[in-house]
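Trainee: Pasting the sequence and the predicted model now:
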Amino acid sequence: MSEVIATDRPPEGAADRVAEFRPSLIVGEHSLCPGCGEPVALRILLETLQELGIVERAIGVVGHGCYGSFVRIMDVDVLQCLHGRAPACATGIKRVQPAAAVFTLQGDGDMVSEGLAEVLHAAARGENITCILLNNGVFGDTGGQQTATTVLGQRTKTSLDGRDPVSHGHPIRIADIVAGIDGVGYVARGTVGTARGVARTKRMVRSALETQLAGKGFSLVEILTMCPTGWFVGAPQGPDYMEQSMARAYAPGELRVSLGDER
Amino acid sequence: MSSSAATSGLELLEGSTAIARAAITAGCRFFAGYPMSPFTGLLESMARLLPGSGGVCINAQSEIEGVNMALGASAAGARAATGSCGQGIALMQEAIAETALNETPLVIFNMARNQQDYFQCTRGGGWGDYRTLTLAPKDIPEAVEHTQLLFHLADRHRIPTILYGDPLIAQTRIGVRIDPLELPPLPAKDWALDGSRGGTGHSRQIWTWAMGKATDPGPGPDRHWQAIAEKFERIGAVEQRSEGFGLDGAETVVVAFGSAAKFTAHVIEELRDAGHSIGHFRPITLWPFPGEALARATEHARRVLVFELNAGQMLDDVRQHAADRSAVLPIGGVSIHESGLSYGPLLDVPVIRERILAAMRGRRRLAARAGLSAGSRG
Ligand SMILES: Cc1ncc(C[n+]2csc(CCOP(=O)(O)OP(=O)(O)O)c2C)c(N)n1
Ligand code: SF4
Ligand SMILES: [Mg+2]
């Protein structure tokens, strides 16, 4: 961090100093919607890489979703891969460069709809990679259709009267499934809807990467992110809407931890 | 082992093992695949041999996972490969196109069941203006050579390359030597991801859209894909390979590829010994198709007979390049073993001889009936 803001006296500058702060690994403006939760998750991830001192051995694999445009603004080595296949590509990378810190950045459509097999098998192999799931319960990029994680009752462009289990099936709780697989080192679910959630999620991302660095197997952090555009709500309503819908179906917390107290 | 000159240093190896050894000799350090006959033997050989050579072999959960794992390993700078046949290669098409467009070198072993994968290998089923350089060896020793060449060409051009094998190459045994191929040195892979440029403003990126970073912009999709198309055009011109014999002034030219060409070559040698004016042409690269060489080879031919074990796939390329399109006749056909896993009864010397002779007679009769002179090709 470049500057610490003193809190023992009234601030001299404008109150939005902190909001303006951008980690040095973000090298351009993102082009996502106002109120989108994904840039917050990106910032958490990049700050954590920096804090762990692993930027120069970090390799990211980014799937297809709105976060795909981060490839232009994140100053780490990145493979932009095919929709859903990031855990497979990350496996190939990690196996030939075991010292690298390899992570994936995927959405719910990418990981849980298109790429479910890849993430489950990477988990079961205990690959030492870290998968970051940005779960907003919709295909944001293609305009708000139903994904495998859309919660019951949620209206999307392909579940117009709300997701109904009879016609649309049930949502998949991927983090819970992965947490039950042997070979998995760390699984947690966080949210970026509140400041507390952001702080907690950042600790989760750190734990996941530390699990990888310690060679303790596969790690997954599911991050609930706001998608006001895909949810058809106003940008300011995003966090509240998320608390009332997704966060109820997907309880935040650590689901599997294997690193001991040495952490 | 016998010490006679012809067999000295030869090892009796199954084709799959020989190819695996050749791949490792070529520096392959990552392999992922999903079982499918007759590719399975190569996967098993890699699983057996690669770990001892400092490499990794993964029995993937699907062909889609396998090819994407190999893509990842290649993006990180390793020589990587995958393989399958027919349906399995069909599942890989999205990723094969991706490697062409994002320029990660990749070798794909299509240990096919027959010759019905010609279009799949040479046209591909992915999106975008790309091609897949495909070598079709006629036997195991040539497959050993081609395997090494394919890793070299994949790296040199940063493209996907395919070995089009078959059951005869994968599953038979022959005395063979795995001699390292002498190939020119290649530049270091400074494009490969290793993280080292993170935070410098010039971190690396592998992306079909080639947008680059905000601090280090790339050409973007329009210019990048034009450059890719131009690259494939250049490769198409310089990488054509073929061989032939008896082509000088031959009245009949037979065209065949892969193992089938070994059968046709045998028949043509016999027919030449019997005094027929007949020559043999074998495309070694299926893409790029050796069109210029075929045009020269068929300049004086009255008939160009295409023997392939499918309903007529290479036929399109032969018609496009033969000196006289109307002289081209298919003499092959679909012929599958009852197991579905190998060739049927058409791949047999007497059958091929009969088909060639019939075509030679038929063409003459046809010409006579039309009242054409022997030299005319109407
Ligand atoms: C094979 C394939 N199918 C479909 C698409 C189209 N596509 C691009 S982004 C996307 C949605 C991704 O949704 P998600 O991963 O949840 O990301 P979000 O936009 O919600 O952040 C889809 C379906 C694609 N790029 N590739
Ligand atoms: S559509 Fe949703 S996920 Fe995509 S940028 Fe907009 S808010 Fe974010
Ligand atoms: Mg989504």
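Mentor: Here it is on my side, so go on. Numbers count the residues shown, from 1 in each chain, chains lettered A, B, ... in the order given. Ligands and ions are numbered 1, 2, ... in the order given.
Trainee: going forward, measure contacts and count neighbours with C-alpha atoms only.
Mentor: OK.
Trainee: which residues of the chain fall in helices?
Mentor: Picking chain A for this. Along chain A, the segments classed as helices by DSSP state H run A:17-20, A:38-51, A:86-96, A:108, A:116-124, A:165-168, A:174-179, A:195-213, A:228-231, A:238-244, A:246-249.
Trainee: Please refer instead to chain B.
Mentor: Under DSSP H, chain B gives helices at B:15-25, B:40-49, B:63-75, B:86-91, B:93-102, B:118-122, B:140-157, B:167-171, B:220-238, B:258-273, B:291-297, B:314-321, B:349-369.
Trainee: what's the least confident stretch among these?
Mentor: Lowest mean pLDDT of the helices of chain B: helix B:349-369, a mean of 80.
Trainee: how many neighbours does residue A:47 have?
Mentor: Number of residues near residue A:47 (other C-alpha atoms under 10 Å in any protein chain shown) recorded here: 21.
Trainee: now residue B:180
Mentor: Look at residue B:180: counted by other C-alpha under 10 Å, it has 12 neighbours.
Trainee: Most proximal residue of chain B with respect to ligand 1?
Mentor: With C-alpha to the nearest ligand atom, the shortest gap between chain B and ligand 1 falls at residue B:94, namely 7.9 Å.
Trainee: Setting aside sequence neighbours, what's the nearest residue to the closest residue to ligand 2 within the stretch 51-200 of chain B?
Mentor: Relative to ligand 2, the nearest point of the stretch 51-200 of chain B is residue B:98 (23.7 Å; C-alpha to the nearest ligand atom). Distances taken as C-alpha to C-alpha, 6 or more residues apart in numbering or on different chains place residue B:208 nearest to residue B:98, at 6.8 Å, with adjacent residues excluded.
Trainee: Next up, the contacts around the nearest residue to residue A:112 once chain neighbours are set aside.
Mentor: Leaving aside its sequence neighbours, residue A:112 sits nearest to residue A:148 (C-alpha to C-alpha, 6+ apart; 6.0 Å). Neighbour list for residue A:148: A:108-109, A:112-113, A:137, A:170-172 [criterion: C-alpha atoms under 8 Å, 6 or more residues apart in numbering or on different chains].
Trainee: Please spell out the ChimeraX selection for the buried subset of those.
Mentor: What follows is the ChimeraX syntax selecting those of the contacts of residue A:148 that are buried according to 16 or more other C-alpha atoms under 10 Å in any protein chain shown:
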select /A:108,109,112,113,137,171,172
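Trainee: so which of the contacts of residue A:148 also contact ligand 3?
Mentor: residue A:108 (C-alpha under 5 Å from the ion).
Trainee: could you dump the contacts of residue A:148 to TSV with pLDDT and distance to ligand 2?
Mentor: Putting those into TSV (pLDDT from 0 to 100; distance: C-alpha to the nearest ligand atom, whole Å) gives the following:
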residue	pLDDT	distance to ligand 2
A:108	98	10
A:109	98	11
A:112	98	15
A:113	98	16
A:137	98	9
A:170	98	21
A:171	98	18
A:172	98	19
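Trainee: what's the pLDDT at the residue in the stretch 51-200 of chain A positioned nearest to ligand 2?
Mentor: Nearest residue of the stretch 51-200 of chain A to ligand 2 (C-alpha to the nearest ligand atom) works out as residue A:140 at 4.0 Å. pLDDT recorded at residue A:140 is 97.
Trainee: Leaving out sequence neighbours, find the closest residue to it.
Mentor: Nearest non-adjacent residue to residue A:140, counting by C-alpha to C-alpha, 6+ apart: residue A:230, 5.4 Å away.
Trainee: what's the burial count for that neighbour?
Mentor: 22.
Trainee: who's in contact with the residue of the stretch 201-350 of chain B found nearest ligand 3?
Mentor: Proximity of the stretch 201-350 of chain B to ligand 3 (C-alpha to the ion) peaks at residue B:207, 20.7 Å away. Residue B:207 sits next to A:79-81, B:102 when contact means C-alpha under 8 Å, 6+ apart.
Trainee: Quick check: the gap between residue A:226 and residue B:354.
Mentor: 72 Å (C-alpha to C-alpha, to the nearest Å).
Trainee: which one of the two has more residues nearby?
Mentor: Remark: of residue A:226 and residue B:354, residue A:226 carries more neighbours, 29 against 12, as counted by other C-alpha under 10 Å.
Trainee: chain center to stretch B:335-351, what's the gap?
Mentor: 21 Å (C-alpha atoms, centre = their mean, to the nearest Å).
Trainee: right, and the helices of chain A - which one's nearest residue A:59?
Mentor: Residue A:59 lies closest, by C-alpha to C-alpha, to one member of those: helix A:86-96, at 8.3 Å.
Trainee: what's the angle from that closest one to helix B:63-75?
Mentor: Helix A:86-96 runs at 50 degrees relative to helix B:63-75, counting by axes from the mean of the first three to the mean of the last three C-alpha atoms, to 10 degrees.
Trainee: what's the neighbour count on the closest residue in space to residue B:29 that isn't next to it in sequence?
Mentor: With sequence-adjacent residues excluded and distances taken as C-alpha to C-alpha, 6+ apart, residue B:29 is closest to residue B:55, at 4.2 Å. Neighbour count of residue B:55, defined by other C-alpha under 10 Å: 21.
Trainee: if I look at residue B:55, how far off is residue B:265?
Mentor: Relative to residue B:265, residue B:55 is positioned 39 Å away (C-alpha to C-alpha).
Trainee: got the residues of the stretch 51-200 of chain A near ligand 1?
Mentor: Residues of the stretch 51-200 of chain A lying near ligand 1 by C-alpha under 6 Å from any ligand atom: A:64-67, A:83, A:106-110, A:136, A:138-142.
Trainee: rerun at 8 Å
Mentor: Residues of the stretch 51-200 of chain A lying close to ligand 1 (C-alpha under 8 Å from any ligand atom) are A:63-68, A:82-84, A:106-111, A:114, A:134-144, A:147.
Trainee: same check, this time on chain B
Mentor: residue B:94.
Trainee: excluding its backbone neighbours, what's nearest residue A:110?
Mentor: Per C-alpha to C-alpha, 6+ apart, closest to residue A:110 is residue A:84, 4.5 Å.
Trainee: For the one you found, give me phi and psi.
Mentor: Reported as degrees, to the nearest 10, the phi and psi values for residue A:84 are phi 90, psi -10.
Trainee: Smallest gap between the stretch 251-378 of chain B and ligand 2, at which residue?
Mentor: The stretch 251-378 of chain B approaches ligand 2 most closely through residue B:287 (41.0 Å), counting by C-alpha to the nearest ligand atom.
Trainee: Help me confirm that that residue comes into contact with residue B:236.
Mentor: Yes: Residue B:287 is in contact with residue B:236 according to C-alpha atoms under 8 Å; the separation is 7.3 Å.
Trainee: these two touch, right, residue B:313 and residue B:118?
Mentor: Yes: Residue B:313 lies in contact with residue B:118 (C-alpha under 8 Å); the separation is 6.3 Å.
Trainee: Quick one: name the residues of the stretch 101-250 of chain B near chain A.
Mentor: B:193-208, B:211-215 (C-alpha under 8 Å from any C-alpha of the partner chain).
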